[in-house]
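Student: Predicted coordinates and the sequence they were generated for:
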Amino acid sequence: MRSFMSNRTGESLDLYLANLSHTTGYHQESDRALIKRCLKGDADAWEALLDRYGSLIYSIAWRANLPPEDVADVFQSVCLVLLQDLENLRDESKLSSWLTTVTLRQCYRVRRRQSAPVVSLDQAEEELAQLADERLLPDEVIERMEQEHLVRRALAMMAEPCRRLLTYLFYEKEFWSYEEIARELGLSVSTIGPKRGRCLKKLLRILTELGF
Amino acid sequence: MMCPTVEELLAFAQRYDEKATSPDPPSQSVEEIRAHLEGGCEACRHHLAQIRKILSAVSDPRLVDPPTWLLRQAQALYRHHREMQPSAEERATLAVLVVDSFAEGRLLGLRGTWPMSRQFLYRAGGYDIDLSVDYIEAKDAVDIIGQSMPITNDLRSVAHATVELVKASTLAHITQANVFGEFILDGVQEGVYDLRIRLKDEAIYIPDLPAIVRSFGQKTTREGRES
């Protein structure tokens, strides 16, 4: 079996795909539906939201070059803010952008922890303006992460064999011949090309719906 | 020309994009695709733009998955947040775990012996809570030594705080912090507890504190032998 490292740290492609298969059920649910279930006391819906957005939240804090304990602080603090604000989220369709904003704010908060105590409102405003100018992460890096997140989410919403076919297409570092892919998926070689084309069209449709 | 297929657009984006330099001479179909796009087919240009975005997003992956222990902490927040019942007089803040010296199997023992102490750092609003769970062999129990540290460095808020250790809704241990916010809960049976620190104006709540050192080591050693 060819070994392959996906973009998920320390995890093989096979394990990544296996995990996806196990949790396929919630992938079709919208953020709105998951939030509604969370509010009704469904812990599985909360875990589904974490699975969907955990990497995005963690990655922003990680790429902001914070020490590990601050990254852990930011991650959990964002989750707490989300829990506290679930009822008040005005537009669930923008959850991804909301989480990005909250995560950046939490990153600034932990950065400010390290500076001297604030003794006046003027000082606080001055420090906040200064921190905002410093920019923890360039906008284009954040945008790339959001786009990568959407691609992963769209792939997770696809059934087999499309999901695996497209994962080989986009994440594979070595070239897979149609024969190898056919053998891997148990399909005939002649069907791979047309099937991949159909899967790609489906992916583009899902990405459009997700606002890619 | 008819619109190219999505696969043809993908091949075009991967090999023959106008920004890329390719050693291969362009084929007739590539020229036709280019002409078709320049001719203003909006649907194909939209698809090509999406394909380029996908390729850009996956070419240099930036997403990093949170470690398992951290994900578990975040999963547990849901239950803790719903269970937390602040009293009418006080505001309760749920603390988050940011350091556990036993997380992910990171064990800080010396000379291959099992460590007798486990360190935690929690954060709750404007406070850091430093905890050390030390196994005392003579008592076959642990001492929990802690300190609440305000980030403002104003110790008045943490001085003489009441510290309660609760298991299954029953008060197991209680003590009072000193003027520096330091406290000791001694002779605690290993297990998982809720810790509540009652400050002047608010309470800090640490749910599911794993006051486990020796039992953790024995369990892991047993698993290691069995495997």
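Tutor: Structure received.

Student: So residue A:27 sits against residue A:157, correct?
Tutor: Yes: between residue A:27 and residue A:157 a contact is recorded at 4.8 Å, counting by CB atoms under 8 Å. The way it works is simple: take the backbone N, C-alpha and C, and place the C-beta from them, glycine included.

Student: pLDDT below threshold where in chain A?
Tutor: Low-confidence segments of chain A (pLDDT under 70): A:1-24, A:90-93, A:114-134, A:172-175.

Student: likewise chain B?
Tutor: For chain B, the stretches with pLDDT under 70 are B:16-28, B:85-90, B:104-114, B:217-227.

Student: Helices along chain B, start to end?
Tutor: Assigned by DSSP state H, chain B shows helices spanning B:6-15, B:28-38, B:42-59, B:68-83, B:214-226.

Student: dump the residue contacts of the nearest residue to residue B:126 once chain neighbours are set aside.
Tutor: Leaving aside its sequence neighbours, residue B:126 sits nearest to residue B:151 (CB to CB, 6 or more residues apart in numbering or on different chains; 5.2 Å). By CB atoms under 8 Å, 6 or more residues apart in numbering or on different chains, the contact set of residue B:151 is A:113, A:117, B:126-128.

Student: Of the residues you listed, keep whichever come out buried.
Tutor: The neighbour-count criterion (16 or more other CB atoms under 10 Å in any protein chain shown) marks B:127-128 among the contacts of residue B:151 as buried.

Student: Just put the contacts of residue B:151 in TSV and tack on distance to residue A:176.
Tutor: Formatted as TSV, the contacts of residue B:151 follow (distance: CB to CB, whole Å):
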residue	distance to residue A:176
A:113	48
A:117	58
B:126	54
B:127	53
B:128	50
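
Student: tell me which of the contacts of residue B:151 is nearest to residue A:179?
Tutor: Checking the contacts of residue B:151 against residue A:179 with CB to CB, the nearest one is residue A:113 at 56.5 Å.

Student: What separation do you get for that closest one and chain B?
Tutor: In this view, residue A:113 and chain B are 6 Å apart by CB to the nearest CB, to the nearest Å.

Student: how much space between the spatially closest residue to that residue that is not a sequence neighbour and residue A:188?
Tutor: Among residues not flanking residue A:113 along the chain, residue B:151 sits closest, at 5.6 Å (CB to CB, 6+ apart). Computed with CB to CB, to the nearest Å, the distance linking residue B:151 and residue A:188 is 64 Å.

Student: before we move on, what about residue A:156?
Tutor: In this view, residue A:156 and residue A:188 are 27 Å apart by CB to CB.

Student: Just want to know which of those two has more residues nearby.
Tutor: Shown here are residue A:156 and residue A:188; by other CB atoms under 10 Å in any protein chain shown, residue A:156 has more neighbours (19 against 10).

Student: doesn't residue A:166 make contact with the more buried one?
Tutor: No: with contact defined as CB under 8 Å, residue A:156 does not reach residue A:166; the gap is 11.1 Å.

Student: could you pull out the strands for the chain?
Tutor: All of this refers to chain A. Counting by DSSP state E, chain A forms no strands at all.

Student: Chain B, not that one
Tutor: Counting by DSSP E, the segments of chain B that form strands are B:91-94, B:96-100, B:117-124, B:127-136, B:141-150, B:162-167, B:170-176, B:182-188, B:191-198, B:202-211.

Student: out of those, which comes closest to chain A?
Tutor: strand B:96-100 (3.7 Å; CB to the nearest CB).

Student: Distance check, residue A:46 against chain B.
Tutor: If you go by CB to the nearest CB, the gap between residue A:46 and chain B works out to 4 Å.

Student: Quickly note the distance from that residue to residue A:53.
Tutor: 11 Å.

Student: ok, now which ones touch the nearest residue to residue A:189 once chain neighbours are set aside?
Tutor: Nearest residue to residue A:189, sequence neighbours excluded (CB to CB, 6+ apart): residue A:182, at 4.5 Å. Counting by CB under 8 Å, 6+ apart, residue A:182 touches A:188-189, A:191-192.

Student: Since that was my last question, I'll sign off now.
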